[in-house]
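Student: pasting the sequence and the predicted model now:
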Amino acid sequence: MGSQVAPTHGSLAICSAPQEAINRINAMYDQKIVIVNYGMGNLKSVANALSFLGYHPIVSDSKDAIERSDALILPG
């Protein structure tokens, strides 16, 4: 078998990220993020921004959802 050469773009070699880094990034997007609905703040705007970044936020005022979350956002 011959040696493999990394693909290039112009003069830059394109390297793939190590699998561990890919797994960490995927885990980051799998976090359960709850936007706490306490009657104040622009919930939809915050949710839209997180969705744009690839997250799947939940808007809730439920104590259970808040306790099970990986991260909380208190908008406003």
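Tutor: Great, that's in hand. Residues are numbered from 1 along each chain as shown.
Student: rest of the way, CA atoms for contacts and neighbours
Tutor: Will do.
Student: so is residue 59 in a helix, a strand, or just coil?
Tutor: Counting by DSSP: H, G, I helix; E, B strand; the rest coil, the backbone at residue 59 sits in strand.
Student: can you check residue 47 too?
Tutor: helix.
Student: tell me which residue is most central in the chain.
Tutor: residue 29 (3.2 Å; Cα atoms, centre = their mean).
Student: now that residue: how far from residue 23?
Tutor: Distance of residue 29 to residue 23, given as Cα to Cα, to the nearest Å: 10 Å.
Student: next one: stretch 66-76 to chain centre, how far?
Tutor: Counting by Cα atoms, centre = their mean, to the nearest Å, stretch 66-76 is centred 14 Å from the centre of its parent chain.
Student: now it: average pLDDT?
Tutor: Average pLDDT, stretch 66-76: 92.
Student: buried residues in that stretch?
Tutor: By neighbour count on 16 or more other Cα atoms under 10 Å, the buried set for stretch 66-76 is 66, 72, 73, 75.
Student: right, and out of those residues, which lies closest to residue 50?
Tutor: Nearest to residue 50 out of these is residue 73 (Cα to Cα; 10.6 Å).
Student: what about the closest residue to the closest one other than its chain neighbours, how many residues nearby?
Tutor: Nearest residue to residue 73, sequence neighbours excluded (Cα to Cα, 6 or more residues apart in numbering): residue 35, at 4.7 Å. Residue 35 has 24 neighbours, counted by other Cα atoms under 10 Å.
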